[in-house]
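Novice: have a look at this prediction, sequence included:
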Amino acid sequence: MEIRFVGPLGKVTGSCTWMRDLVEGWNFLVDCGMQQGEYDEDTWNAGTRWPFDPLELKFVVLTHAHIDHSGLLPLLYRLGFDGEVWCSEETARIAQILLRDAARLPGSRYDEPDVDRIRWRTPGGKTQLGGYHRLDQDLLMRFFRSGHIVGATSVTILWGKPKSGGQKSIVFSGDVGPGAEDREVLPFLRYPQNPAPATYAVLESTYGGVVRVAKGERNPEARRERLSRLLDRILETGGTLAIPAFSVGRTQDLMFDLHMVVANDPVRYRAIRFYMDSPTAMQVNGITLDALNRTQTDARTGKVRPVWLGKQLFRDLGLQCHEPEHVDLVLEVSRMTLSIDRAEGDLAAACGNTIATRWRSIFTPVGNREALVREVTKGPRVVVMSSGSGDGGPAASWLPLVVRDKRNIVAMSGYCGKGTIGNALSALESVPLDQRRLQAGSLTWRSPDGGTGSSVPLSDVQAQVCHLEGYSAHADQSDLVDWMFENHKGILKQSIAPTIFLQHGDDEQRGSLARALAKRADEWNLEVDVLLPDDASQWFDLDRGGASLRVAEKRKALEAQIASLQNALAKLKAA
Ligand SMILES: [Zn+2]
Ligand SMILES: [Zn+2]
């Protein structure tokens, strides 16, 4: 078996790893994602720079639904691929929604019928997580929850004959979420699992150099405290708090936190109206609720455990995750939180803490958007809207009016790349109102047909701008190290794999993570080899393994030596 890291090396988007075994005839991808905001994304996203032939691929394994991992699947089919896409059921459902949205974007390289051609394969039922799924003779696959978004998994591929001791395996982390068992950070999602040990691991490194604990970003209390201060402010001004949010994960987490803040002091926040304006997020809410209800029986202990529902919710509501009655209550609270327009007075049952007993649905859908948008200073109002970067979707209607009035607040809730509205707005966060008038440039939104929409000069932006910290769905450095090194009750301390490839992160983050992994291995007296592949055309032979994996590195070092010797020789000759 050979592996080739087609992407992303030294960057974050465009996840795609190619695996093949010429003898066995295996040829497949793990993820086939779109590049977003990279300087050379055009040729990649058009399929003209792919080193593999879509016609020859047998199948694709998908770690999760995000577009930078799934976004080019429809193009793969359009260019002749006819195999199946293996993933969790939730990933298939969410990916279909996101891919349909992507197909409708102006300039898309594929259309909705291409999305319909995807042959989803969602193995599982009771063994969805941890179970072995057969891809081919002597080729197996396992999923483990990665705690990043609903449906997101780490994936292990196993090949060779198990009985003869010839079986090898590689685990792909996918995107790993924050926190760990009993230390979940996000409200709904269960912690990232440590996958079973493998011969190799491929680990993401998006925030491989970031330690969040130091910055207090993973404290749910602090996160909600910041939100309540924003609500206090619009109570005073009667303005609108606009929160652009990504439809998967971020919107659901924000809805939960807003409910929690209100349940903590219902009288105080009685006057605020809450709106949800994101058709995509409404669909994802439904999938999330289905997912939270799913359970699986542990093959080893026989205990029934939720597949995706985390324990943070129980802690927040003062409930016990082992009490069946409390589980029902938590699921009911989730329904009240994520369903729009439930009957008023829909109170949770009489157990748990005071917050649980005061919980009620607070969100209503946006009926007549035009009319509501015209009244952005007739609040107090909170609107959670798509898109997360503020460029398109309902945000393109709301923000041009919201930003002009100092009674309003725009709170960005996620990472916004260069060139986005969110990025330009964030730059104003620290500029005092009296100096805004001096700002050059303007904010320009997209119209739904891809043309130019509304435009507001930066000098007219009067709304307060801020960024909501603490909602990241990504592991930080310590989480990634904990994912890689399993500490089972202090008895069993092991590395998930002796050889680790780092990808999905810029070189600073990768380098920092490599050092942190080496340090942990040292502390635990483990032999671990960390590789940072940097050549997208290089094949690594996983059956030979060991020193052969470093051939390219050695070749590069030798070439550098030769070049410097030739240089020295040329200088001598010239002298
Ligand atoms: Zn992701
Ligand atoms: Zn990713």
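Specialist: Done, it's in. Residues are numbered from 1 along each chain as shown. Ligands and ions are numbered 1, 2, ... in the order given.

Novice: for H326, what are its contacts?
Specialist: H326 is in contact with F314, L319, Q320, C351, G352, counting by Cβ atoms under 8 Å, 6 or more residues apart in numbering. All C-beta spots, glycine's among them, are computed from the backbone N, C-alpha and C.

Novice: just M484 next, same as before
Specialist: Going by Cβ under 8 Å, 6+ apart, M484 touches A201, L203, S495, I496, A497, I500, L517, R520.

Novice: recalculate using a threshold of 10 Å.
Specialist: With contact taken as Cβ atoms under 10 Å, 6 or more residues apart in numbering, M484 is in contact with 171, 173, 176, 194-195, 201, 203, 495-497, 500, 513, 516-517, 520-521, 528, 530.

Novice: hmm, back to that, farthest pair in the contacts of H326?
Specialist: Across the contacts of H326, no pair lies farther apart than F314 and C351, at 11.8 Å, counting by Cβ to Cβ.

Novice: which residues do those two both contact?
Specialist: Q320, E323, H326, L329.

Novice: skipping its backbone neighbours, what lies nearest R268 in space?
Specialist: Nearest non-adjacent residue to R268, counting by Cβ to Cβ, 6 or more residues apart in numbering: L235, 7.7 Å away.

Novice: ok, the one you found touching Y269?
Specialist: Yes. Applying Cβ atoms under 10 Å as the test, L235 and Y269 come out as touching, 7.4 Å apart.

Novice: which SSE is the residue nearest to R268 in?
Specialist: helix 220-237 (DSSP states H and E).

Novice: so what's the gap between the helix or strand that that helix is followed by and the chain middle?
Specialist: Sequence-wise, the next helix or strand downstream of helix 220-237 (DSSP H and E) is strand 240-244. How far strand 240-244 lies from its chain's middle: 22 Å, per Cα atoms, centre = their mean, to the nearest Å.

Novice: likewise for stretch 314-331?
Specialist: That offset, for stretch 314-331, works out to 26 Å (Cα atoms, centre = their mean).

Novice: could you list the domains of the chain?
Specialist: The record's domain split for the chain, according to automatic domain parsing, is 2-211+472-543, 218-467.

Novice: ligand 1 is nearest to which of these?
Specialist: Taking Cβ to the ion, domain 2-211+472-543 is the member of these nearest to ligand 1, at 3.6 Å.

Novice: show me how far the closest one is from its chain's centre.
Specialist: Centroid displacement of domain 2-211+472-543 relative to its chain, using Cα atoms, centre = their mean, is 12 Å.

Novice: can you give me the end-to-end span of it?
Specialist: 8 Å (Cα to Cα, to the nearest Å).

Novice: near ligand 1, which residues of the chain show up?
Specialist: Counting by Cβ under 5 Å from the ion, the chain comes close to ligand 1 at H66, D175.

Novice: name the surrounding residues that touch the top helix by length along the chain.
Specialist: Assignment by DSSP state H gives helix 551-574 as the longest helix of the chain. With Cβ under 10 Å, 6+ apart as the test, helix 551-574 has contacts from 531-535, 537-541, 544, 547, 550.

Novice: residue ranges with poor pLDDT in the stretch 251-400 of the chain?
Specialist: 341-350 (pLDDT under 70).

Novice: what are the ranges of the helices in it?
Specialist: 279-292, 312-317, 324-338, 354-357, 369-374, 395-402 (DSSP state H, counting those that start in this stretch).

Novice: quick check: angle from the longest one to helix 279-292?
Specialist: Yep, that's helix 324-338 we're talking about. 180 degrees (axes from the mean of the first three to the mean of the last three Cα atoms, to 10 degrees).

Novice: would you put the C-alpha positions of helix 324-338 in PDB?
Specialist: Output in PDB follows, covering the C-alpha atoms of helix 324-338 (Å, rounded to 0.1, in the frame of the first residue of the first chain):
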ATOM      1  CA  PRO A 324     -32.500   7.500  31.700                       C
ATOM      2  CA  GLU A 325     -35.000  10.100  32.800                       C
ATOM      3  CA  HIS A 326     -32.400  12.800  32.700                       C
ATOM      4  CA  VAL A 327     -31.300  11.700  29.200                       C
ATOM      5  CA  ASP A 328     -34.900  12.200  28.000                       C
ATOM      6  CA  LEU A 329     -35.000  15.600  29.600                       C
ATOM      7  CA  VAL A 330     -31.700  16.600  27.900                       C
ATOM      8  CA  LEU A 331     -33.100  15.500  24.600                       C
ATOM      9  CA  GLU A 332     -36.300  17.500  25.200                       C
ATOM     10  CA  VAL A 333     -34.200  20.600  26.000                       C
ATOM     11  CA  SER A 334     -32.200  20.100  22.800                       C
ATOM     12  CA  ARG A 335     -35.500  19.900  20.800                       C
ATOM     13  CA  MET A 336     -36.700  23.100  22.500                       C
ATOM     14  CA  THR A 337     -33.400  24.800  21.700                       C
ATOM     15  CA  LEU A 338     -33.100  23.800  18.000                       C
END
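
Novice: buried sites along that helix?
Specialist: H326, V327, L329, V330, L331, V333, S334, R335, M336, T337, L338 (16 or more other Cβ atoms under 10 Å).

Novice: please report how far the fourth one lies from T354.
Specialist: This means V330. Plainly put, V330 is 16 Å away from T354 if you go by Cβ to Cβ, to the nearest Å.

Novice: same question, the third one
Specialist: When Cβ to Cβ is the yardstick, L329 and T354 sit 14 Å from each other.

Novice: cool, and R520?
Specialist: 42 Å.

Novice: higher neighbour count, these two?
Specialist: Neighbour comparison, R520 and T354: the larger count goes to R520, with 19 against 11 (by other Cβ atoms under 10 Å).

Novice: that's a helix at that one, yeah?
Specialist: Yes. Per DSSP: H, G, I helix; E, B strand; the rest coil, R520 lies within a helix segment.

Novice: contacting residues for it?
Specialist: Going by Cβ under 10 Å, 6+ apart, the list of residues near R520 reads S478, V481, D482, M484, F485, N487, K493, S495, L526, V528.

Novice: and for the third one, the neighbour number?
Specialist: Put plainly, it is D482. Neighbours of D482 (other Cβ under 10 Å): 19.

Novice: please name the nearest non-neighbouring residue to it.
Specialist: Closest to D482 by Cβ to Cβ, 6+ apart is A180, at 5.6 Å.

Novice: spit out the contact partners of the one you found.
Specialist: Contacts here follow Cβ under 10 Å, 6+ apart; on that basis A180 touches G147, Y191, P192, Q193, N194, A475, S478, D479, D482, W483, N487.

Novice: filter those residues down to the buried ones, ChimeraX style.
Specialist: Here is the ChimeraX command that selects the buried residues among those (16+ other Cβ under 10 Å):
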select :147,191,192,193,194,475,478,479,482,483
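
Novice: pick the one among the contacts of A180 closest to D277.
Specialist: Nearest to D277 among the contacts of A180 is G147, at 28.0 Å by Cβ to Cβ.

Novice: doesn't the closest one belong to a helix?
Specialist: No. Using three-state DSSP, the secondary structure at G147 is coil, not a helix.

Novice: just checking, it touches A473?
Specialist: Yes. At 8.4 Å, G147 and A473 qualify as touching, with contact defined as Cβ under 10 Å.

Novice: for those two, list the residues in contact with both.
Specialist: D175, V176, G177, P178, V185, L186, L189.

Novice: need the worst-confidence member of those.
Specialist: On pLDDT alone, V185 ranks lowest of the shared contacts of G147 and A473, at 89.

Novice: ok so that residue is a strand residue?
Specialist: No. In this structure, V185 is coil, not part of a strand, as judged by three-state DSSP.

Novice: my guess is it meets Y471, correct?
Specialist: Yes. Using Cβ under 10 Å, V185 makes contact with Y471 at a distance of 9.0 Å.
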